[in-house]
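>>> Need a 3D model of the sequence below.
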Amino acid sequence: MGIWAIYPKPRLSENRENHRKYPYLLNNFKVEEPGQVWAADITYIPMREGFMYLAATLDWYSRYVVSWKLSNSLESSFCLEMLEEALSMGNPSIFNTGTAPSAS
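So this is what the prediction gives:
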């Protein structure tokens, strides 16, 4: 079923010799206008009985939440709905799902 426990596994961040490490291309990228770079992410919110899952798309320049969806199951459908809603509001030059830029 692909179900995994939600806790840190040992040595997850250690480098492996046989794995290629790709550079993060947006590290020194300057975001200068709204709609230039959007980012999507998913997180879980612990509840008294289980979890809720939040998927969101944000504009990096303005920090505006373009779209978000909340679900009590980790099925892909709510992420796709969030993405479709976001893309109906605009078309960014870059759509990132990696690390957010550092505050400057």
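>>> What's the mean pLDDT across stretch 18-31?
For stretch 18-31, mean pLDDT is 82.
>>> go on, stretch 62-70?
96.
>>> Show me what counts as buried in that stretch.
Val66, Ser67, Lys69 (16 or more other C-beta atoms under 10 Å). Heads up, the C-betas are built off the backbone N, CA and C, glycines and all.
>>> neighbouring contacts of it?
34, 38, 52-59, 78-79, 81-83, 85-86, 89-90 (C-beta atoms under 8 Å, 6 or more residues apart in numbering).
>>> Could you list which of those residues belong to helices?
Members of the contacts of stretch 62-70 lying in helices (criterion: DSSP state H): Phe78, Cys79, Glu81, Met82, Leu83, Glu85, Ala86.
>>> so the fourth one touches Leu58, yeah?
No. Met82 sits out of contact with Leu58 when judged by C-beta atoms under 8 Å, with a separation of 11.4 Å.
>>> Could you name every residue contacting both of these two?
Ala40.
>>> what's the pLDDT at Arg11?
70.
>>> Ignore what I typed, I meant Met47.
91.
>>> hang on, the earlier thing: reformat the buried residues of stretch 62-70 as a markdown table; add secondary structure.
Putting the buried residues of stretch 62-70 into a markdown table (DSSP: H, G, I helix; E, B strand; the rest coil) gives the following:
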| residue | secondary structure |
| --- | --- |
| Val66 | strand |
| Ser67 | strand |
| Lys69 | strand |
